[in-house]
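In: Need a 3D model of the following:
(one chain, ligands or ions: 2)
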Amino acid sequence: MTDALVPELLTGVPLPLVLIDHNERLRHLNPPARRMFGDNMEGRHFLAVMRHPDTIDAVIQAFRHGKTVQSRYSRKDHSTETIFRVTCTPVGAQQPHPVLVSFEDMTPLETAGQMRRDFVANVSHELRTPLTAILGFIETLRGPARDDAAARDRFLEIMEREASRMNRLVDDLLSLSRVETEERIRPTELQVLPDLVQSVCHGLRPLADDGNVRLVILPSEDTPMVRGDADQLRQVFTNLIENAIKYGGRNGTVEITYKVIDRDPNLGTRALAVVVSDNGPGIEAIHLHRLTERFYRADSHRSQALGGTGLGLAIVKHILNRHRGRLKVESTVGLGSRFTAILPVQK
Ligand SMILES: Nc1ncnc2c1ncn2[C@@H]1O[C@H](COP(=O)(O)OP(=O)(O)O)[C@@H](O)[C@H]1O
Ligand SMILES: [Mg+2]
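Out: Ligands and ions are numbered 1, 2, ... in the order given. A predicted model of the protein is given here:
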């Protein structure tokens, strides 16, 4: 390989690369490396440019032992932290070898790993609470409450409730993983949303009656069809309407309206919006952008008491993503909340 080709080759590689010659001076930086260390660094000693102790150490080791050495380098710009894997590789035939230093951005991998660990910790915590309750009641039923028929009935009822909560959690986890798996597959069937929503409302009628909640579907004219997976869309509206009934409070009103949007600014297409609004206590602004995170609850006391899993809106968001749609959440404390599912409409 001729020396003249080296800069061109390095330029073609998308990660930051720095070639340090046998005199320990920077010979070449490709454009990503220049963005990292600045222009006109060629000719300077590497110690003057790379200030990070572990990186310096790795370069020295590579020079000294003629072997590839790796290290980590974390760099803070404003508020974001980027974590690099630094690889120092001796190159070429001459002695001592020049060393090529590459910087691979490991941040997405590290973030994904952290998310996975958090998720497992959350699931374990969510399962442990009902399990602990059930185990406690089994103890009591074996001991002090053994001959107390009334207590037995009451405890069995609580145990059933806790077991159902675990069941719902597992169901929601499975739905979430199924939706995630299918996220890249676009649904093909055409759906008439008002019919679908009508049937969802029919199923939720008993829950609404229990809380004396009025469930009102405002008439819709000429709502266009959307491409979608019927089961998943049913899940979206079940979650939204169920939340409105549960959190909107007793004696409230839940209203469902349709709106055709000529051009949704975020989707860039014609869209159909289904608005689910309640006149409940509303949600404080600080919670709004986090509601679709897994296990995030604005009012965790109330969610727990109502048997919520904290996964409903996360599922809604994933399903709408798969449909190339989006969820809009608005709320005013004291007045109520409005959740809008917006789905693209083909011309
Ligand atoms: N209509 C609503 N009014 C008030 N708060 C709501 C409403 N819908 C959702 N929330 C809040 O958002 C949180 C997340 O909702 P969701 O993901 O469906 O979980 P959950 O299983 O708790 O219902 C709920 O715990 C609740 O605090
Ligand atoms: Mg819910």
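In: Skip the chain neighbours and tell me the closest residue to the residue nearest the centre of the chain.
Out: Centroid-nearest residue in the chain: residue 293, 5.8 Å away (criterion: Cα atoms, centre = their mean). Excluding the flanking residues, the one nearest residue 293 by Cβ to Cβ, 6 or more residues apart in numbering is residue 314, at 6.6 Å. The way it works is simple: take the backbone N, C-alpha and C, and place the C-beta from them, glycine included.
In: that's a helix at that neighbour, yeah?
Out: Yes. Assigned with DSSP: H, G, I helix; E, B strand; the rest coil, residue 314 falls within a helix.
In: wait, what's in contact with it?
Out: 176, 292-295 (Cβ atoms under 8 Å, 6 or more residues apart in numbering).
In: Can you classify residue 82 by secondary structure?
Out: Recorded secondary structure, residue 82: strand (three-state DSSP).
In: what sits against it?
Out: When contacts are counted by Cβ under 8 Å, 6+ apart, residue 82 touches 74-76, 105, 107.
In: From the residues you listed, which land in strands?
Out: Counting by DSSP state E, the contacts of residue 82 place 74-76, 105 in strands.
In: so what's the residue of the chain found nearest ligand 2 scoring on pLDDT?
Out: Taking Cβ to the ion, ligand 2 has its nearest neighbour within the chain at residue 312, 3.0 Å off. Residue 312 is assigned a pLDDT of 96 by the prediction.
In: With residue 1 instead?
Out: Residue 1 is assigned 49 on the pLDDT scale.
In: Would you mind naming what in the stretch 201-347 of the chain lies close to ligand 1?
Out: Neighbours of ligand 1 within the stretch 201-347 of the chain, by Cβ under 6 Å from any ligand atom: 239, 243-244, 247-248, 278, 280, 283, 291, 297-299, 303, 308-313, 337.
In: Using the three-state scheme, assign residue 291.
Out: coil.
In: If we ignore the residues flanking it in sequence, what's nearest it?
Out: Among residues not flanking residue 291 along the chain, residue 313 sits closest, at 5.1 Å (Cβ to Cβ, 6+ apart).
In: Confirm for me that that neighbour is in contact with residue 292.
Out: Yes. Between residue 313 and residue 292 there is a contact under Cβ atoms under 8 Å: 4.7 Å.
In: residues shared between the contacts of the two?
Out: By Cβ under 8 Å, 6+ apart, residue 313 and residue 292 have these common neighbours: residue 327.
In: Those two: which has the busier surroundings?
Out: Higher neighbour count among residue 313 and residue 292: residue 313, with 22 against 17, using other Cβ atoms under 10 Å.
In: Quick one: residues contacting that one.
Out: Residue 313 neighbours (Cβ under 8 Å, 6+ apart): 239, 243, 291-292, 327.
In: now swap in residue 87 and tell me
Out: Taking Cβ under 8 Å, 6+ apart, we find residue 87 in contact with 68-70, 101-102, 104.
In: Now render these as JSON lines, adding neighbour count.
Out: Shown next, in JSON lines, are those (neighbours: other Cβ atoms under 10 Å):
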{"residue": "68", "neighbour count": "15"}
{"residue": "69", "neighbour count": "20"}
{"residue": "70", "neighbour count": "15"}
{"residue": "101", "neighbour count": "24"}
{"residue": "102", "neighbour count": "20"}
{"residue": "104", "neighbour count": "14"}
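In: if you average pLDDT over the longest helix belonging to the chain, what comes out?
Out: Determined from DSSP state H, the single longest helix within the chain is helix 107-142. Averaging pLDDT along helix 107-142 gives 93.
In: now for the next helix or strand after it, which elements pack on it?
Out: Note on helix 107-142: by DSSP states H and E, the next helix or strand toward the C-terminus is helix 149-181. Contact partners of helix 149-181 among helices and strands, from 3 or more Cβ pairs under 8 Å, 6 or more residues apart in numbering; DSSP states H and E: helix 107-142, helix 312-322.
In: List the buried residues of the last one.
Out: Using 16 or more other Cβ atoms under 10 Å as the test for burial, helix 312-322 gives 312-320, 322.
In: so where does residue 39 fall, helix or strand?
Out: Under DSSP H and E, no helix or strand contains residue 39.
In: Which pLDDT value does the model give it?
Out: 92.
In: What about it, how many residues nearby?
Out: By other Cβ under 10 Å, 8 other residues sit near residue 39.
In: How about the one 10 residues further on?
Out: Here the count is done by other Cβ under 10 Å, and residue 49 has 17 residues near it.
In: my read: it touches residue 20, true?
Out: No. Contact criterion Cβ under 8 Å: residue 49 and residue 20 do not qualify, at 9.4 Å.
In: Great, nothing more from me.
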